[in-house]
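Chemist: Next input, structure requested:
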Amino acid sequence: MDPVRLDKWLWAARFFKTRSMAREAVSGGKIHLNGKRAKPARPLNIGDELRIQRGEEELIVTVLDLSMRRGPATVAQSLYEESGENREKREKLAEERRLQYQQRAGHERERRPDKRQRRRLIRFKNKFD
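Modeler: Next up, the predicted model:
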């Protein structure tokens, strides 16, 4: 099988929504191919290891198959395999972020009353005057 451009494969494997986003990520140093920075047009081969940085999460995947076409998600998932320890680490970080979010949401500061609430407060206060 012919090698595929790195940015095209990342798009086909559904790591990025558009090919231009995949190209920008590769050019920006967010993607490492076999431990080295790569250019978007770099040919990808079966067995290559990719380190993909998306926001706070880092994915380490091994290329199992090549595709130039973007298909269904089930097909896209068959193009690569994520390492087990990386998956566990990523899920643990996601759980920690979820817990932090819940803690922050629980301590939400009180807001000023809106128009309806102000009118009710005024009516309530006027009853006792």
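Chemist: When you work out contacts or count neighbours from here on, use the C-alpha atoms and nothing else.
Modeler: Will do.
Chemist: and the residue nearest the centre of the chain, how far is that from residue 36?
Modeler: Closest to where the C-alpha atoms of the chain average out (C-alpha atoms, centre = their mean) is residue 54, at 5.1 Å. From residue 54 over to residue 36 the distance is 17 Å, taken as C-alpha to C-alpha, to the nearest Å.
Chemist: Also residue 50?
Modeler: From residue 50 to residue 36 the distance is 9 Å (C-alpha to C-alpha).
Chemist: between these two, which one's more packed in?
Modeler: residue 50 (23 against 10; other C-alpha atoms under 10 Å).
Chemist: does that one have beta-bridge partners, and which?
Modeler: Beta-bridge pairing of residue 50 under DSSP bridges involves residue 33, residue 61.
Chemist: Tell me who's in contact with it.
Modeler: 31-35, 59-63 (C-alpha atoms under 8 Å, 6 or more residues apart in numbering).
Chemist: Which of the residues you listed ranks first by neighbour count?
Modeler: The most crowded member of those, judged by other C-alpha under 10 Å, is residue 31 (29 neighbours).
Chemist: Now that residue: closest residue in space, sequence neighbours ignored.
Modeler: Using C-alpha to C-alpha, 6 or more residues apart in numbering and skipping residues adjacent in sequence, the residue nearest residue 31 is residue 52, 4.8 Å away.
Chemist: part of a strand, is that neighbour?
Modeler: Yes - with DSSP: H, G, I helix; E, B strand; the rest coil as the criterion, residue 52 is assigned to a strand.
Chemist: can you pull the contacts of it?
Modeler: 30-32, 58-61.
Chemist: which helices and strands sit right next to the helix-or-strand element of the chain with minimal mean pLDDT?
Modeler: Least confident helix or strand, the chain: helix 84-106 with a mean of 86, by mean pLDDT, DSSP states H and E. With contacts defined as 3 or more C-alpha pairs under 8 Å, 6 or more residues apart in numbering; DSSP states H and E, the packing partners of helix 84-106 are strand 57-63.
Chemist: quick one: the strand it packs on to chain centroid distance?
Modeler: 12 Å (C-alpha atoms, centre = their mean, to the nearest Å).
Chemist: Tell me which residues are up against the next helix or strand after it.
Modeler: For strand 57-63, the following helix or strand on the C-terminal side (DSSP states H and E) is helix 73-77. Contact partners of helix 73-77, identified using C-alpha under 8 Å, 6+ apart, comprise 12-14, 70.
Chemist: Cool, thanks, signing off.
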